[in-house]
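Asks: Sequence first, then the predicted structure:
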Amino acid sequence: MLAQSLRRSIAIAVPAIATAFTGCAAFERMNQERLDRAVTVSAQAPLYEYRRIGVEAMRCTGALCDSINTVELMRQVRQTLTGACYEVVDDSELRRYYEYFAHASGMTLMDFGFAKAGMPGFKMNMLDPMMQQVVMEELDLEGMIKASIDIGQPDSVNGFRTAIIDLELVDAHGRQVLWHGRLDGNITQDSDADRSVQYLATEISGQIVKKASACGQAPPSPIVVQQGLLDLPDRIYFELGSAQISERSHSLLGDLAYWFQQHPEVTFVEIEGHTDDIGDDRGNLLLSEQRAQAVHQYLTSKGVDARRISPKGYGESRPIVANDNPVNRSTNRRVEFRVVR
């Protein structure tokens, strides 16, 4: 056991000499205290509200970055967080949405500040903030993970390099840090850099799962009638540029079908499809009609009487805000439920 602890101390920066004097149990206690200090969690944030999250491309600074497999490292982090009830959206999905909205707006990717910077995927912090907000809303992201590694120069005493890994979950719109993990360790040999950093990632991910699990249950959000419209706890999402309902909206539509069952006094609701002003009028009208019809079909498949709901598309004719920026256009792309009687 003591020999095993000595080997582990190389990767996690607890000096071997300290381990030899303190013994196995003391070493384990020291390491656990170190991990406890490595993660802080916001006391104000109900983490169950931040389950659907995106991940930025990991940044690496300092020496040996070429030998660090950041893609594998973040795959490992995503896998660990998924086990703690987080639904992690892959960075390729983020990129696909950025490309789509850039094209739909008639702009090039560079207009939105895209940059590769020699790293896989796009660096979210280099993108136009307004465009970030649009994509986060379209993907229904509740939080974003920012990740980085910094590898230092060899120490003058023993020649070890210090590696520091940072993982931070931020509210998707930047309002607050939900949790932050920061762990440092030693790289004793440059050839072991990737393995040492992967070990650090395993440790910090495991500690985040223990301290910042999103598995708590959120109280159910009621569906109520506000000013003649059904006020839903979330919007209805569709696949990009199509009338196919996104899988993540199935649960909400199931709740809506149950609401109709519990409220027989509501005898007729119009399902309204709306778009922004990008594209031609005829195409927008058709898409809005198709989306309203798709919602109608889904609800009737869940037992809602077809005579109580009627789909209608309005295209771009009824914006609720001016179509003068990407955020407002995202707001105007919507499905509403108007209570007629």
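Replies: That came through, no problem. Numbers count the residues shown, from 1 in each chain.
Asks: which SS class is Gln32?
Replies: What DSSP: H, G, I helix; E, B strand; the rest coil gives for Gln32 is helix.
Asks: which ones are touching Pro46?
Replies: By CB atoms under 8 Å, 6 or more residues apart in numbering, the contact list for Pro46 reads Gly216, Ala218. All C-beta spots, glycine's among them, are computed from the backbone N, C-alpha and C.
Asks: how near is it to Ala214?
Replies: Distance from Pro46 to Ala214, counting by CB to CB, to the nearest Å: 9 Å.
Asks: Lys146 is in what secondary structure piece?
Replies: Element membership for Lys146 (DSSP states H and E) is strand 143-151.
Asks: I should have written Lys312 there, sorry.
Replies: Using DSSP H and E, Lys312 falls within strand 309-313.
Asks: Poorly predicted segments of the stretch 101-250 of the chain, please.
Replies: 105-128 (pLDDT under 70).
Asks: re the thing from before, the strand holding Lys146 - contacts with which helices or strands?
Replies: Under the contact criterion of 3 or more CB pairs under 8 Å, 6 or more residues apart in numbering; DSSP states H and E, strand 143-151 touches strand 52-55, strand 59-62, helix 70-82, strand 161-171, helix 193-211.
Asks: looking at these, which is closest to Pro220?
Replies: Closest to Pro220 of the helices and strands packed on strand 143-151 is strand 52-55 (CB to CB; 17.3 Å).
Asks: How about Leu35, nearest residue that isn't a chain neighbour?
Replies: Nearest residue to Leu35 in three dimensions, chain neighbours excluded: Gln207, at 4.6 Å (CB to CB, 6 or more residues apart in numbering).
Asks: on that earlier part again, now the helices and strands packed on strand 143-151 in JSON lines, with mean neighbour count and distance to Leu287?
Replies: Output for the helices and strands packed on strand 143-151, formatted as JSON lines (neighbours: other CB atoms under 10 Å; distance: least, CB to CB, whole Å):
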{"stretch": "strand 52-55", "mean neighbour count": "22", "distance to Leu287": "25"}
{"stretch": "strand 59-62", "mean neighbour count": "16", "distance to Leu287": "38"}
{"stretch": "helix 70-82", "mean neighbour count": "18", "distance to Leu287": "33"}
{"stretch": "strand 161-171", "mean neighbour count": "21", "distance to Leu287": "31"}
{"stretch": "helix 193-211", "mean neighbour count": "20", "distance to Leu287": "41"}
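Asks: of these, which approaches Ser330 most closely?
Replies: Nearest to Ser330, of all the helices and strands packed on strand 143-151, is strand 52-55, at 16.1 Å by CB to CB.
Asks: got the contact list for that closest one?
Replies: Here strand 52-55 makes contact (CB under 8 Å, 6+ apart) with 74, 77-78, 81, 86-91, 94, 124, 136, 139-145, 147, 169, 172, 248.
Asks: State the mean pLDDT of it.
Replies: Averaging pLDDT along strand 52-55 yields 90.
Asks: Each with direction, which strands does it pair with?
Replies: Next to strand 52-55 in the sheet, as set by DSSP bridges, lie strand 87-89 (parallel), strand 143-151 (parallel).
Asks: tell me the mean pLDDT for the shortest one?
Replies: Along strand 87-89, the predicted local confidence has a mean pLDDT of 90.
Asks: thinking again about what came up before, could I get the CA-only coordinates of the strand holding Lys312 as CSV?
Replies: C-alpha atoms of strand 309-313 as CSV (Å, rounded to 0.1, in the frame of the first residue of the first chain):
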residue,chain,number,x,y,z
ILE,A,309,-56.3,22.2,-30.6
SER,A,310,-55.8,23.8,-34.0
PRO,A,311,-52.4,24.6,-35.7
LYS,A,312,-51.9,27.8,-37.6
GLY,A,313,-48.7,29.4,-39.0
